[in-house]
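Participant: okay, sequence plus prediction incoming.
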Amino acid sequence: MLFRDLAGNAFPELGQALAGDAGALEVAGLSSDSRKITPGMVFVAIPGTKADGSRFIADAAEKGAALVVAAGSAENVSVPVLTVGNPRLFLALAASRFYGRQPETMAAVTGTAGKTSVASFTRQIWALAGLQAAMIGTTGVIAPGRSDYGSLTTPDPAALHALLAELSDAGVTHAAMEASSHGLDQYRLDGVRLAAGAFTNLGRDHMDYHPTVEDYFAAKMHLFDRVLPKGSPAIINADDPWSERAVKVARDAGHDVLTVGRNGTFLTLKRVEQKRDSQFAEISHGSEIFEVRLPLAGEFQISNALVAAGIAIATGVEAKTALAALESIEGAAGRLQLAGRAANGALAYVDYAHKPDALEKVLASVRPFTTGRVLVVFGCGGDRDTGKRPIMGEIATRLADVVIVTDDNPRSEEPASIRSEIMKAAPGATEIGDRHEAIAFAVSQLQQGDTLIVAGKGHEEGQTAGGVTRPFSDLAEVRKALEGISS
Ligand SMILES: CC(=O)N[C@H]1[C@@H](OP(=O)(O)OP(=O)(O)OC[C@H]2O[C@@H](n3ccc(=O)[nH]c3=O)[C@H](O)[C@@H]2O)O[C@H](CO)[C@@H](O)[C@@H]1O[C@H](C)C(=O)N[C@@H](C)C(=O)N[C@H](CCC(=O)O)C(=O)O
Ligand SMILES: Nc1ncnc2c1ncn2[C@@H]1O[C@H](COP(=O)(O)OP(=O)(O)OP(=O)(O)O)[C@@H](O)[C@H]1O
Ligand SMILES: N[C@H](CCC[C@H](N)C(=O)O)C(=O)O
Ligand SMILES: [Mg+2]
């Protein structure tokens, strides 16, 4: 591809250069990571959160970069360096032009909690409606014949567009993806051609990255005010304290706002009846009323299911088909996933709640069907928002009967000091640093009617401490403990 075709016309500051020799350069690809540059590629130098990409221009040139795009000029470099105002946006739009193909119908979902679940449910509804559907998110990529373990919630633009092209080539026509606040703030989604956008809720998260909650909300809202094409359906959970503001942003941006939930008008939740590990909901759409048995525990899953059904309907699935599909939906990996039952019938779940609102919701949502005690095992990640630690300690103490504080990816921090920050707000909790032992202890305490929640890691397959990631799965540990196997 010629550089002028890669660059497109969204960057008038490149005008002169595109008309000259640089525009006619044949380019072999693009990356914002100098370590991934091979001969003929374009290196986009990004002023990042940790490093300034322009420090690596010489490295990229040495590796054979044909051209460099950066925020400023550079001296003593053997390759042309072109300047753009926003290199992150350039990377996103250029990656989309380079790879070109995307599934025709794409939806992105943002919000503090529920993104992975909504993306997963949307994929399943589309698939049950007979469409070739995929999801991209925290748990990885799932598509017909494909299941890759994930890392970032929203991949960087070059990886994302390479993936979208692969999915499209494999026949995928529908894809649901998560839009994290980092992803939106860093323009990772700007080259994605979206047919619909969705919002679940807003709570405390990523206070290590966003200076204020307002800033965090504003980042989430870029899905509506910047990325989603004007006039598209915006599906919004109407039952969150931030819903009204999200609706306003989406309306002001000229979208077709469709609200769902108890206060929703597109899909209205009339009634919910909690069963032990499923729930029954009455949902109205237009003049019709649908009765749906959702085979998942947790009232928050109804909210996620409604957002997903809203996306599916807004992108062409009949309401009847979308709502019927909810009856055979599976939870996303590690989201209030039933790991097993003790011999006495007590239930043990694995859940990805690693932030206050999620912990609060998950503990509250198992209470209605728990006749005994609620037990929780959890920790807080290292090198992440430290403010959430006492908040989560308080929530666990208030909502669970037995609290066990353990490690959850301490990363570079001292594990004991993370635990002590939680313990300060969790009087009566038991502290067991080793997560394997903490889970075994919790399982050994289970009595008839009890429910255990092992929170924080969900689908994760490792425990990171001191720079090393060791294989670790909450699901496997709970199952081992339930079988009484010690290792
Ligand atoms: C804080 C953060 O979001 N960092 C992400 C961000 O990095 P950055 O652009 O700020 O880059 P940087 O590390 O400052 O480096 C600047 C530039 O120098 C480049 N570089 C660096 C070294 C070198 O030798 N050569 C070189 O060219 C880097 O590639 C980069 O382009 O952009 C990179 C590319 O997209 C991401 O890989 C990186 O994710 C890091 C690994 C990360 O941990 N991110 C997490 C916090 C994250 O993004 N999480 C969200 C939300 C999770 C959720 O709640 O669901 C997600 O979407 O996953
Ligand atoms: N609608 C919701 N409201 C509140 N809590 C929820 C909701 N949906 C899920 N949760 C809780 O949040 C956890 C994470 O859910 P999910 O993975 O679907 O969200 P996410 O937005 O993708 O999170 P992350 O940003 O961590 O990837 C769940 O395990 C559950 O505890
Ligand atoms: N996307 C989140 C996941 C956190 C999961 C939890 N297990 C932890 O390690 O804190 C993050 O990287 O902050
Ligand atoms: Mg997620």
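Facilitator: Right, received. Where do you want to start? None of these values were measured; they are calculated from a predicted model. Ligands and ions are numbered 1, 2, ... in the order given.

Participant: contact residues of the stretch 1-150 of the chain facing ligand 4?
Facilitator: Contact residues (Cβ under 5 Å from the ion) of the stretch 1-150 of the chain with ligand 4: 115-116, 138. For every residue, glycine as well, the C-beta is placed using N, CA and C.

Participant: got the residues of the stretch 351-487 of the chain near ligand 3?
Facilitator: Residues of the stretch 351-487 of the chain found near ligand 3 (Cβ under 6 Å from any ligand atom) are 354, 381, 384, 408-409, 456-457, 460.

Participant: picking that back up, sitting in helices, which of the residues of the stretch 1-150 of the chain next to ligand 4 do you find?
Facilitator: Taking DSSP state H as the definition of helices, these contribute 115-116.

Participant: list, out of the residues of the stretch 1-150 of the chain next to ligand 4, those positioned next to ligand 2.
Facilitator: Applying Cβ under 6 Å from any ligand atom to these, those adjacent to ligand 2 are 115-116, 138.

Participant: most neighbours, which of the residues you listed?
Facilitator: Ranked by neighbour count (other Cβ atoms under 10 Å), these have Lys115 at the top, with 28 neighbours.

Participant: check the gap between that residue and Met177 for me.
Facilitator: 9 Å (Cβ to Cβ, to the nearest Å).

Participant: likewise for Asp239?
Facilitator: Look at Asp239 and Met177: by Cβ to Cβ, they are 23 Å apart.

Participant: so these two - more neighbours on which side?
Facilitator: Neighbours per residue, other Cβ under 10 Å: of Asp239 and Met177, the larger number sits with Met177, 29 against 18.

Participant: what does the helix or strand the more buried one falls within contact?
Facilitator: In the assignment (DSSP states H and E), Met177 maps to strand 174-178. With contacts defined as Cβ atoms under 8 Å, 6 or more residues apart in numbering, strand 174-178 is touched by 102-110, 115-116, 118-120, 122-123, 126, 131-138, 143, 153-154, 164, 167, 189, 192, 308, 311, 315.

Participant: likewise for stretch 430-443?
Facilitator: Contacts for stretch 430-443 (Cβ under 8 Å, 6+ apart): 342, 348, 375, 377, 379, 402-408, 415-416, 419, 423, 452, 454, 463, 472, 474, 477-478, 481-482, 486-487.

Participant: and those, which are buried?
Facilitator: Buried by 16 or more other Cβ atoms under 10 Å: 342, 348, 375, 377, 379, 402-408, 415, 419, 423, 452, 454, 463, 472, 474, 477-478, 481-482, out of those.

Participant: restricted to strands, list the residues you listed.
Facilitator: Those of the buried ones among the contacts of stretch 430-443 mapping onto strands are 348, 375, 377, 402-405, 452, 454, 463, per DSSP state E.

Participant: any idea which helix or strand comes after the lengthiest helix in the chain?
Facilitator: In the chain, taking DSSP H as the definition, the longest helix is helix 299-314. Later in the chain than helix 299-314, the nearest helix or strand by DSSP H and E is helix 319-325.

Participant: give me the contact status of the strand or helix carrying Ile235 with ligand 2.
Facilitator: For Ile235, the host element (DSSP H and E) is strand 233-237. No - Strand 233-237 stays out of contact with ligand 2 when judged by Cβ under 6 Å from any ligand atom, the minimum separation being 7.1 Å.

Participant: helix, strand, or coil at the residue of the stretch 151-300 of the chain found nearest ligand 3?
Facilitator: Nearest residue of the stretch 151-300 of the chain to ligand 3 (Cβ to the nearest ligand atom) works out as Thr153 at 6.1 Å. Each residue gets one of three states, and Thr153 gets coil by DSSP: H, G, I helix; E, B strand; the rest coil.

Participant: again, but for the one 10 residues further on
Facilitator: With three-state DSSP as the basis, Leu163 sits in helix.

Participant: my read: it touches Ile136, true?
Facilitator: Yes - at 6.8 Å, Leu163 and Ile136 qualify as touching, with contact defined as Cβ atoms under 8 Å.

Participant: which neighbours do the two share?
Facilitator: If you check Leu163 and Ile136 against Cβ under 8 Å, 6+ apart, the residues they both contact are Pro155.

Participant: which one of those two is surrounded by more residues?
Facilitator: Ile136 (29 against 20).

Participant: what strands line up against the helix or strand hosting that one, and which way round?
Facilitator: For Ile136, the element it lies in under DSSP H and E is strand 133-137. Using DSSP bridges, strand 133-137 pairs in its sheet with strand 140-143 (antiparallel), strand 174-178 (parallel).

Participant: does it reach ligand 3?
Facilitator: No - counting by Cβ under 6 Å from any ligand atom, ligand 3 is not contacted by strand 133-137; separation bottoms out at 10.6 Å.

Participant: need the residues that contact that strand.
Facilitator: By Cβ under 8 Å, 6+ apart, the residues outside strand 133-137 that reach it are 103, 115-116, 119-120, 122-124, 126-127, 141-144, 146, 150, 153-155, 160, 163, 167, 172-178.
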